[in-house]
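based on what follows, work out the 3D shape:
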Amino acid sequence: MRDDDLDGGKERTKYHKRSLVEIVMFQIKQIFGDKLKARNFESQVVETRIKVTILNRFAAMNNDFY
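Next comes the predicted model:
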């Protein structure tokens with residue numbers, strides 16, 4: 001099988017995007033823990049957005065973060 005066949009398969013199945021999302025979720029869980037502190041859904045959404053914002057700021061400060 002040729003390498004370009006493999007790359008095309010990943011693009012068709014969107015595997016690469018899924019892989020990137022899984023990496024980010026792993027980073028969030030490693031840094032902040034795997035559980036949310038907030039009890040109700042709206043507060044959980046806010047808590048998650050704050051965590052993602054912090055993670056993005058870390059990444060912006062340090063290009064080697066990812």
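
tell me which element the residue nearest to residue 37 when sequence neighbours are not counted is part of?
Spatially, and ignoring its direct neighbours in sequence, residue 37 is nearest to residue 47 (6.5 Å; CB to CB, 6 or more residues apart in numbering). Just so you know, the C-beta spots here come from the backbone N, C-alpha and C atoms, and that holds for glycine as well. Assigned by DSSP states H and E, residue 47 belongs to helix 41-61.

what's that helix packed up against?
Here helix 41-61 is seen to pack against helix 15-32 when contacts are counted using 3 or more CB pairs under 8 Å, 6 or more residues apart in numbering; DSSP states H and E.

list the buried residues in the helix it packs on.
Across helix 15-32, burial judged by 16 or more other CB atoms under 10 Å covers 28, 32.

next, the angle helix 41-61 makes with that helix.
100 degrees (axes from the mean of the first three to the mean of the last three CA atoms, to 10 degrees).

could you dump helix 15-32 to PDB, C-alpha only?
What follows is helix 15-32, C-alpha atoms only, in PDB (Å, rounded to 0.1, in the frame of the first residue of the first chain):
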ATOM      1  CA  TYR A  15      -9.300  10.200  11.700                       C
ATOM      2  CA  HIS A  16      -6.700  13.000  12.000                       C
ATOM      3  CA  LYS A  17      -9.100  15.500  13.400                       C
ATOM      4  CA  ARG A  18     -10.400  12.900  15.900                       C
ATOM      5  CA  SER A  19      -6.800  12.200  16.900                       C
ATOM      6  CA  LEU A  20      -6.100  15.900  17.600                       C
ATOM      7  CA  VAL A  21      -9.300  16.200  19.700                       C
ATOM      8  CA  GLU A  22      -8.200  13.100  21.800                       C
ATOM      9  CA  ILE A  23      -4.800  14.600  22.400                       C
ATOM     10  CA  VAL A  24      -6.300  17.900  23.600                       C
ATOM     11  CA  MET A  25      -8.800  16.000  25.900                       C
ATOM     12  CA  PHE A  26      -5.800  14.000  27.300                       C
ATOM     13  CA  GLN A  27      -3.900  17.300  28.000                       C
ATOM     14  CA  ILE A  28      -6.900  18.800  29.700                       C
ATOM     15  CA  LYS A  29      -7.400  15.800  31.900                       C
ATOM     16  CA  GLN A  30      -3.700  15.600  32.800                       C
ATOM     17  CA  ILE A  31      -3.500  19.200  33.800                       C
ATOM     18  CA  PHE A  32      -6.900  19.800  35.400                       C
END
